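Novice: model the following, please.
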Amino acid sequence: MPHRVKEKIEAAQRRARRDAVILTVSAILLFIAAVVTEAFEYVVNFSDTHESWEIDEMLVVMMIMPLAMLIFMVRRAQEMRQEINARKEAEKATERIALHDPLTGLANRRKGMSHLKKLLKNASTTPVTIVGVDLNRFKGVNDLHGHNAGDLLLVAVSERLVDLVGDLGMVCRMGGDEFVVILKGSAYHPPISDVINQLPGIFNAPFELEHVVCSVGASIGVSQTDDEHLGEEGLLSRADVAMYRDKNKGGVSISFYEPGMEEAAKRRAMIESELRSAIIDDRMEPYFQPIIDLETGEVIGFEALARCRASDGNLLMPEEFIPIAEQSGLISRLFLQILRKGCLVLRLKPPHMTMAINLSSLQLNDDWLAEQILATLTETGVAPGRLEVEITETALVANFEAAHAMVMKLKSQGIRISLDDFGTGYSSLRHLSELPFDKLKIDKSFVVRLGNDEASDTIVRTVTTLAHNLGLKVTAEGIEDDAHVSFLKGIGCEYGQGFLYGRPVETSHRRVTEDAANEDHEEVEAFPTSTRGIA
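Specialist: Sure, this is the predicted structure:
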């Protein structure tokens with residue numbers, strides 16, 4: 001209830017009390033005056049001398065009326081008290097709605113910031129600790145199981161947080177899938193340190209919702225202050241900075257704020273801004289690395305790798321902007337822009353050449369991705385069989401059901417599927433047997449050690465044999481010298497790529513785009529078709 005209404009209720013109560021006092025005092029004074037002046041005697045004598053006026057009956061009525069008025073006033077007072085109590089309850093309910101999250105019942109941002117502001121007044125003597133918690137893969141739960149499951153998950157997470165924190169602090173839902181825990185005390189001493197150390201553990205057990213069981217990770221950031229001058233927004237900002245430091249790792253991670261983290265946060269914000277403007281201005285660029293037939297030495301295709309051309313003309317590398325693109329929901333737009341530009345180059349190459357492109361694990365939940373890929377192929381005039389989509393082993397394990405659905409959609413359109421970075425994840429033979437992959441790519445971390453590490457030699461040899469037994473072709477990444485080539489050819493590995501054959505290079509895709517309508521092939525930078533002169 002607004003503060004103005006509350007003031008009106010209090011004013012009405014004061015007036016009622018004042019009127020009751022005035023009436024009581026007036027009645028007592030009148031009674032005393034009547035006794036002192038013997039007014040009753042005069043009334044009796046007057047009534048006896050004026051029988052015809054029926055003054056007795058009038059006096060009876062006058063005696064009854066105060067009693068009736070008293071009863072009426074009591075009733076009205078009771079009704080007013082009930083009305084006031086009802087309004088007070090409505091005021092409390094309104095305050096609860098205004099200060100609490102309607103879904104989880106936790107304190108909302110407004111109440112949390114108010115509470116934090118009060119604690120910071122004594123921060124010079126009693127430290128205040130802020131713990132930010134941001135869920136990982138929450139969007140995937142919404143996409144895969146529906147928003148009702150997402151809501152139930154938020155409620156379940158909030159219950160675990162409240163159970164852990166107890167009376168030691170306040171748990172707030174700041175919005176979306178982000179929570180904040182406000183604790184009075186030092187993050188480095190019990191019992192606050194105990195709460196922080198146990199916090200990652202609440203995400204270990206799966207969350208059992210109504211009709212589904214799901215698991216999510218969380219990025220946790222911790223900041224502490226003993227300086228009330230920092231302010232609530234500054235302390236919260238530090239927790240956010242610490243929280244987002246390891247956001248791209250997924251799973252459950254916890255980070256404590258350290259001086260200098262702001263610079264990393266500013267760098268991240270700058271990259272996100274550049275990424276957004278680059279996508280809008282069509283400044284995402286594909287760089288191409290050749291894929292070689294190891295037996296013949298001929299180029300059979302290339303892998304399109306994303307680069308972001310910043311507004312100052314410099315290039316941002318994938319390890320800088322891909323995690324940010326995934327976190328900010330830009331990954332699909334980035335992928336489609338690289339795909340389209342790569343296809344414009346591919347269609348001008350010999351028909352036997354193919355193009356490989358990486359798919360983010362987050363895109364596996366995009367129900368329209370297969371249609372968008374096919375539409376791009378149709379627009380650029382590239383046959384589906386010339387495109388090879390690479391799915392990482394980690395993405396396969398993280399969401400096998402979504403990966404299975406996506407692979408089957410793409411395969412039904414004639415697009416080839418490759419399992420990338422094999423050996424770095426935790427996929428099982430069952431996964432390999434159930435999904436119709438065309439190719440398996442051995443991660444470069446094994447290939448670069450060939451000839452110098454017996455374990456790597458054994459792994460590469462075993463993986464190649466396994467792939468062939470499953471009917472898959474094999475590509476080895478990270479080939480850097482002729483010794484690697486000899487070993488791989490000796491075990492029957494079909495394809496390879498690496499710095500021995502060429503680093504990722506830019507081609508004149510801008511000119512391709514401009515001249516596509518005129519089919520001006522002469523202006524397009526030639527991409528090599530053999531290993532001669534590549535390295």
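Novice: assign Asp420 to helix, strand or coil.
Specialist: strand (DSSP: H, G, I helix; E, B strand; the rest coil).
Novice: surely it touches Glu393?
Specialist: Yes. Contact criterion CB atoms under 8 Å: Asp420 and Glu393 qualify, at 7.1 Å. In this view, the C-beta of every residue, glycine as well, is placed from N, C-alpha and C.
Novice: which of these two has more neighbours?
Specialist: Taking neighbours as other CB atoms under 10 Å, Asp420 and Glu393 compare with Asp420 leading, 25 against 21.
Novice: roughly how far does the closest residue to that one other than its chain neighbours sit from Met355?
Specialist: Leaving aside its sequence neighbours, Asp420 sits nearest to Glu390 (CB to CB, 6 or more residues apart in numbering; 4.0 Å). Note on Glu390: its distance to Met355, by CB to CB, to the nearest Å, is 11 Å.
Novice: common neighbours of these two, please.
Specialist: Residues touching both Glu390 and Met355 (CB atoms under 8 Å, 6 or more residues apart in numbering): Glu303.
Novice: pick out whichever of those two has more residues nearby.
Specialist: Met355 (23 against 19).
Novice: the more buried one bridge partners, please.
Specialist: Phe302, Leu387 (DSSP bridges).
Novice: got the phi/psi numbers for Asn108?
Specialist: Dihedral pair for Asn108: phi -90, psi -170, per degrees, to the nearest 10.
Novice: that one touches Ser114, doesn't it?
Specialist: No. Asn108 is beyond contact range of Ser114, at 10.2 Å (criterion: CB under 8 Å).
Novice: which one's more surrounded, those two?
Specialist: Neighbours of Asn108 and Ser114, each counted by other CB under 10 Å, are more numerous for Asn108; the result is 18 against 12.
Novice: OK, contacts around the more buried one?
Specialist: Asn108 neighbours (CB under 8 Å, 6+ apart): Leu99, His100, Asp101, Cys172, Arg173, Met174.
Novice: that one and Leu470: what is the separation?
Specialist: 53 Å.
Novice: so which elements touch the one helix or strand Val299 maps to?
Specialist: Element membership of Val299 [criterion: DSSP states H and E] is strand 299-309. Identification of packing neighbours for strand 299-309 by 3 or more CB pairs under 8 Å, 6 or more residues apart in numbering; DSSP states H and E yields helix 261-280, strand 284-293, strand 315-316, helix 318-327, helix 331-346, strand 354-359.
Novice: mind putting the ones you listed into a markdown table with distance to Tyr495?
Specialist: Formatted as a markdown table, these follow (distance: least, CB to CB, whole Å):
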| stretch | distance to Tyr495 |
| --- | --- |
| helix 261-280 | 31 |
| strand 284-293 | 6 |
| strand 315-316 | 27 |
| helix 318-327 | 22 |
| helix 331-346 | 17 |
| strand 354-359 | 10 |
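Novice: okay, the ones you listed in CSV with distance to Ile491 and mean pLDDT next?
Specialist: Below are these laid out as CSV (distance: least, CB to CB, whole Å; pLDDT from 0 to 100):
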stretch, distance to Ile491, mean pLDDT
helix 261-280, 41, 86
strand 284-293, 15, 95
strand 315-316, 36, 90
helix 318-327, 30, 88
helix 331-346, 30, 95
strand 354-359, 22, 95
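Novice: out of those, nearest to Ala156?
Specialist: Of all these, helix 318-327 sits nearest to Ala156, with 23.0 Å by CB to CB.
Novice: quick check: pLDDT value at Glu477.
Specialist: The model reports Glu477 with a pLDDT of 93.
Novice: pull the number of nearby residues for it.
Specialist: Neighbours of Glu477 (other CB under 10 Å): 22.
Novice: distance of it from Met406?
Specialist: 22 Å.
Novice: off-centre distance for stretch 147-167?
Specialist: The chain centre lies 15 Å from the centre of stretch 147-167; the measure is CA atoms, centre = their mean, to the nearest Å.
Novice: can I get that stretch in CSV, CA atoms only?
Specialist: This file holds the C-alpha atoms of stretch 147-167, laid out as CSV (Å, rounded to 0.1, in the frame of the first residue of the first chain):
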residue,chain,number,x,y,z
HIS,A,147,9.5,-22.9,-19.6
ASN,A,148,7.4,-24.7,-16.9
ALA,A,149,10.4,-26.9,-16.3
GLY,A,150,12.6,-23.9,-16.2
ASP,A,151,10.4,-22.2,-13.6
LEU,A,152,10.5,-25.4,-11.5
LEU,A,153,14.2,-25.6,-11.8
LEU,A,154,14.6,-22.0,-10.5
VAL,A,155,12.4,-22.9,-7.5
ALA,A,156,14.4,-26.0,-6.8
VAL,A,157,17.7,-24.0,-6.9
SER,A,158,16.3,-21.3,-4.6
GLU,A,159,15.3,-23.9,-2.1
ARG,A,160,18.7,-25.5,-2.0
LEU,A,161,20.3,-22.0,-1.6
VAL,A,162,18.0,-21.1,1.3
ASP,A,163,18.6,-24.5,3.0
LEU,A,164,22.4,-24.0,2.8
VAL,A,165,22.5,-20.3,3.8
GLY,A,166,19.9,-20.6,6.6
ASP,A,167,20.0,-17.7,9.0
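Novice: residues of that stretch that come out buried?
Specialist: For stretch 147-167, burial by neighbour count (16 or more other CB atoms under 10 Å) applies to 149-150, 152-162, 164-165.
Novice: please apply the same query to stretch 193-213.
Specialist: Here stretch 193-213 shows Ser193, Val195, Ile196, Leu199, Pro200, Ile202, Phe203, Phe207, Leu209, Val212 as buried, counting by 16+ other CB under 10 Å.
Novice: what of stretch 349-361?
Specialist: By neighbour count with 16+ other CB under 10 Å, stretch 349-361 contains the buried residues Lys349, Met353, Thr354, Met355, Ala356, Ile357, Asn358, Leu359, Ser360, Ser361.
Novice: and the protein, what are its domains?
Specialist: As assigned by automatic domain parsing, the chain contains the domains 3-99, 109-259, 282-523.
Novice: can you put the ones you listed in JSON lines and add distance to Leu275?
Specialist: Below are the domains of the chain laid out as JSON lines (distance: least, CB to CB, whole Å):
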{"stretch": "domain 3-99", "distance to Leu275": "37"}
{"stretch": "domain 109-259", "distance to Leu275": "14"}
{"stretch": "domain 282-523", "distance to Leu275": "5"}
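Novice: tell me which of these lies nearest to Ile271.
Specialist: domain 282-523 (5.5 Å).
Novice: so how far is the closest one from its chain's centroid?
Specialist: So, by CA atoms, centre = their mean, the centroid of domain 282-523 is 28 Å from its chain's centroid.
Novice: so where do the strands sit in the stretch 401-535 of the chain?
Specialist: Using DSSP state E, counting those that start in this stretch, the strands assigned to the stretch 401-535 of the chain run over residues 416-422, 439-442, 473-477, 495-497, 505-506.
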